[in-house]
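Trainee: What would the 3D arrangement of this be:
(2 chains)
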2 protein chains.
Amino acid sequence: MELDLSQDAGQLTASLVDIESVSGAEKPLADAIEAALRELPHLSVHRDGDALVARTGLDRPQRVILAGHIDTVPVAGNLPSHLKRGLLYGCGSADMKSGVAVQLRLAASVPEPTRDVTYVFYDCEEVEAERNGMLRLSRRQPELLAGDFAVLLEPTGCTVEGGCQGTLRAEITATGKRAHSARSWMGSNAIHAAEGILAVLRGYPARQPEVDGLTYHEGLNAVGVHGGVAHNVIPDECVVTVNYRFAPDRSPAQAEAHVREVFGGWDVAVVDVASGARPGLADPAAVAFLQAVGGTPRAKLGWTDVARFDALGIPAVNYGPGNPEVAHSAGEHVALSEISECETRMRTWLTG
Amino acid sequence: MELDLSQDAGQLTASLVDIESVSGAEKPLADAIEAALRELPHLSVHRDGDALVARTGLDRPQRVILAGHIDTVPVAGNLPSHLKRGLLYGCGSADMKSGVAVQLRLAASVPEPTRDVTYVFYDCEEVEAERNGMLRLSRRQPELLAGDFAVLLEPTGCTVEGGCQGTLRAEITATGKRAHSARSWMGSNAIHAAEGILAVLRGYPARQPEVDGLTYHEGLNAVGVHGGVAHNVIPDECVVTVNYRFAPDRSPAQAEAHVREVFGGWDVAVVDVASGARPGLADPAAVAFLQAVGGTPRAKLGWTDVARFDALGIPAVNYGPGNPEVAHSAGEHVALSEISECETRMRTWLTG
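Mentor: Numbers count the residues shown, from 1 in each chain, chains lettered A, B, ... in the order given. This next block holds a predicted model:
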């Protein structure tokens, strides 16, 4: 499969959507992107598994990174792509092959940007963190990810979204004592005891802190509950799985301490935690980007790979075409107008 | 495998325990019991699947039924049986191969009882009701179960336990609206909403009504809870499975109406319900039995197959060796002294 980078960004998005690339099966798409990039003499191309890094080498005083993942969630009967009233439908159209199309268009058509550019295309963003292609690159070849500022082209509706919230998952356990349910008073019902956990969640006052000028919005929610031994047994354990989304003014350690304090008296086991990222919009490179693309930045609430750039010490923002609310749905789509708007604004930035 | 019915009842219990008979795999034990019964010329023997019915035919004015199930819950590393300080350990020792041993001893050694006797040995009591061997017999050959009074030799510690409580299972569902957990305020958390269900359960005042002179003790308990879509999704459904154990002064329909009233405002789905049985201890046949075996009767709280006899219009009680509290546990055991006490008292009854 060949990719024609001279198509407009909407057509190119359709071509990318039609090369299926569910996480773990990105090879055909990675091959096509690699072949297209190797046609561009102003870029040096590196491949690591199904991730690709293409860099200009103009010795500019600044280097910026444009990054996007090439995998999608499982197809939901929404391939091949189709166009209807200016909207392109299909798996990955918003999240985030339209962003990848913008990256490829810029890579092909801006041979002499005013800043050196590193284009990163990576695999396995939609699955567990350990498989993430950007994480792998940052461990194996961190020098390829070096730079002064990064833009992650995740769908944001062409609005700059700064930083991201962290996420922590914990299991809160209520315990009891088993007994036959015909003689329930001989035991102690752990599911009944879990009422106290749910009461804490229900009454939880979520913070909405301002961090570096952007307003975040936390949340502490049950995302799972299970308990029960058999239909005639008073259960001795009930586990509520909670998800704490925390603003980037809290570290993972602070987030964990907070959850333990909120559920003081219960057994708390932290299952996993991912750091958030401060917006870093005061950084000169970010200021220049904001001036070029315009609009009023807002806080990113969902966790994204900007947190990885943050961990590498690189200021990063989210900015791309598409509505994140339709991502991962069967009706996923993106407006062609947003794709071209994003391309135009970023070209202005890279050539200004 | 041959059963020697001339052994004492404790030894015979050990022989029965050592013929593994988990529900659905009773055939070897049913074969052994059938062979032993067919050696007894005073009994006519009928087999239905792995259930056996053996009857005297003495044209006595009264016919009594002695019934016991021959299956056990799954083995828990507790076979073969072993004896320690007067206690026989092993899967099914209390529930209820010691009772079956008493049945077999009486069948073999009381050829001319003062009442005609029907001995029922049946399969699949420990599993879902539809597989129950007594239910099958009552549908296919109800005439074999005809009688004036029945004793179910379930473990009661050699105390007469009258009637049984009914049991109803229902699913109470809390609903909400899905959303990404990074923007939880866009949805409505069904697990949080289930707090109200648990509050009802926690505050439930259980009745302890007196029925025909015996005091029952009801209970309404969660026996299961599940909810959750994915670790990053606000769940739209949480189901609490509750078990209502109701005294025999309430019918299944009244029990259902009560549960629907208690959970007014929630979605209630009744999954299954089994009627209880009134103790019926005022029946002359029951009075005669009580006088023969002695002791002070108490209410049976767990559901047993006495409810099936009740449904057939036959007064029935629970009376057998073994502590029901150790049934279904790896350490299940029965005191040899209780087995012989039960045998002696029932022989007194059948010959008096």
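
Trainee: the bottom helix or strand of chain A by mean pLDDT?
Mentor: None of the helices or strands of chain A scores lower by mean pLDDT, DSSP states H and E than strand A:179-180, at a mean of 87.

Trainee: Low-confidence stretches in the stretch 1-150 of chain A?
Mentor: Along the stretch 1-150 of chain A, no part satisfies pLDDT under 70.

Trainee: Now do the helices in the stretch 1-150 of chain A.
Mentor: For the stretch 1-150 of chain A, applying DSSP state H, counting those that start in this stretch gives helices covering A:9-17, A:27-38, A:98-109, A:133-140.

Trainee: Let's see the last one as PDB, backbone CA atoms only.
Mentor: If I follow you right, that is helix A:133-140. Extracted in PDB, the C-alpha atoms of helix A:133-140 (Å, rounded to 0.1, in the frame of the first residue of the first chain):
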ATOM      1  CA  GLY A 133       5.700   2.700  21.400                       C
ATOM      2  CA  MET A 134       6.700   6.100  22.700                       C
ATOM      3  CA  LEU A 135       7.700   4.600  26.100                       C
ATOM      4  CA  ARG A 136       9.800   2.000  24.200                       C
ATOM      5  CA  LEU A 137      11.500   4.800  22.200                       C
ATOM      6  CA  SER A 138      12.200   6.800  25.300                       C
ATOM      7  CA  ARG A 139      13.900   3.900  26.800                       C
ATOM      8  CA  ARG A 140      15.900   2.600  23.800                       C
END
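
Trainee: Identify the residues contacting it?
Mentor: Contacts to helix A:133-140, defined as CB atoms under 8 Å, 6 or more residues apart in numbering or on different chains, come from residues A:48-51, A:53, A:67, A:69, A:120, A:122-125, A:129, A:144-145, A:305, A:308, A:311-312. Quick note: C-beta positions are derived from backbone N, CA and C, even for glycine.

Trainee: follow-up on the earlier one: which of the helices of the stretch 1-150 of chain A is buried the deepest?
Mentor: helix A:98-109 (a mean of 26; mean count of other CB atoms under 10 Å in any protein chain shown).

Trainee: For the stretch 51-200 of chain A, what lies in contact range of chain B?
Mentor: Contacts of the stretch 51-200 of chain A with chain B, taken as CB under 8 Å from any CB of the partner chain, map to A:165, A:167, A:169, A:180-185, A:189, A:191-192, A:194-195, A:198-199.

Trainee: Just the buried ones among these, please.
Mentor: Using 16 or more other CB atoms under 10 Å in any protein chain shown as the burial test, those include A:165, A:167, A:169, A:180-184, A:189, A:191-192, A:194-195, A:198 as buried.

Trainee: Make JSON lines out of the residues you listed and add distance to residue A:243 and secondary structure.
Mentor: Formatted as JSON lines, these follow (distance: CB to CB, whole Å; DSSP: H, G, I helix; E, B strand; the rest coil):
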{"residue": "A:165", "distance to residue A:243": "11", "secondary structure": "coil"}
{"residue": "A:167", "distance to residue A:243": "7", "secondary structure": "strand"}
{"residue": "A:169", "distance to residue A:243": "5", "secondary structure": "strand"}
{"residue": "A:180", "distance to residue A:243": "35", "secondary structure": "strand"}
{"residue": "A:181", "distance to residue A:243": "31", "secondary structure": "helix"}
{"residue": "A:182", "distance to residue A:243": "37", "secondary structure": "helix"}
{"residue": "A:183", "distance to residue A:243": "37", "secondary structure": "helix"}
{"residue": "A:184", "distance to residue A:243": "32", "secondary structure": "helix"}
{"residue": "A:189", "distance to residue A:243": "25", "secondary structure": "coil"}
{"residue": "A:191", "distance to residue A:243": "21", "secondary structure": "helix"}
{"residue": "A:192", "distance to residue A:243": "24", "secondary structure": "helix"}
{"residue": "A:194", "distance to residue A:243": "17", "secondary structure": "coil"}
{"residue": "A:195", "distance to residue A:243": "20", "secondary structure": "helix"}
{"residue": "A:198", "distance to residue A:243": "14", "secondary structure": "helix"}
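
Trainee: which residues touch residue A:54?
Mentor: Contact analysis of residue A:54 by CB under 8 Å, 6+ apart lists A:37, A:40, A:43, A:44, A:45, A:46, A:107, A:118, A:119, A:121.

Trainee: The longest helix along chain A packs against which elements?
Mentor: Taking DSSP state H as the criterion, chain A has its longest helix at helix A:336-351. Judged by 3 or more CB pairs under 8 Å, 6 or more residues apart in numbering or on different chains; DSSP states H and E, helix A:336-351 is in contact with helix A:9-17, strand A:87-89, helix A:98-109, helix A:284-293.

Trainee: which residues of the stretch 201-350 of chain A score low on pLDDT?
Mentor: Residues of the stretch 201-350 of chain A meeting the criterion pLDDT under 70: none.

Trainee: Residue A:101 contacts residue A:9, doesn't it?
Mentor: Yes. Counting by CB atoms under 8 Å, residue A:101 touches residue A:9, with 4.8 Å between them.

Trainee: Identify the contacts common to those two.
Mentor: residue A:339.

Trainee: can you pull out the helices in the stretch 251-352 of chain A?
Mentor: A:252-262, A:284-293, A:306-311, A:336-351.

Trainee: tell me which residues of stretch A:342-349 are tucked away?
Mentor: By neighbour count on 16+ other CB under 10 Å, the buried set for stretch A:342-349 is A:342, A:343, A:345, A:346, A:347, A:349.

Trainee: is it true that the fifth one touches residue A:107?
Mentor: This means residue A:347. No. Judged on CB under 8 Å, residue A:347 makes no contact with residue A:107 at a distance of 11.3 Å.

Trainee: Residue A:289 and residue B:233: what is the separation?
Mentor: Here the criterion is CB to CB, to the nearest Å. By it, residue A:289 lies 32 Å from residue B:233.

Trainee: the more surrounded of those two?
Mentor: The neighbour count for residue A:289 versus residue B:233, taken as other CB atoms under 10 Å in any protein chain shown, is higher for residue A:289 (25 against 19).

Trainee: List only buried entries from the contacts of residue A:54.
Mentor: By neighbour count, with 16+ other CB under 10 Å, those hold A:37, A:40, A:43, A:45, A:46, A:107, A:118, A:119, A:121 as buried.

Trainee: I figured the fourth one hits residue A:38, correct?
Mentor: This points to residue A:45. Yes. Using CB under 8 Å, residue A:45 makes contact with residue A:38 at a distance of 5.5 Å.

Trainee: Not counting its neighbours along the chain, what's nearest residue A:277?
Mentor: Distances taken as CB to CB, 6 or more residues apart in numbering or on different chains put residue A:310 closest to residue A:277, at 3.6 Å, once the chain neighbours are dropped.

Trainee: Run through the residues that contact the residue most central in space within chain A.
Mentor: Compute the mean C-alpha point of chain A, and by CA atoms, centre = their mean the closest residue is residue A:304, 2.8 Å away. Applying CB under 8 Å, 6+ apart to residue A:304 gives the contacts A:152, A:154, A:164, A:318.
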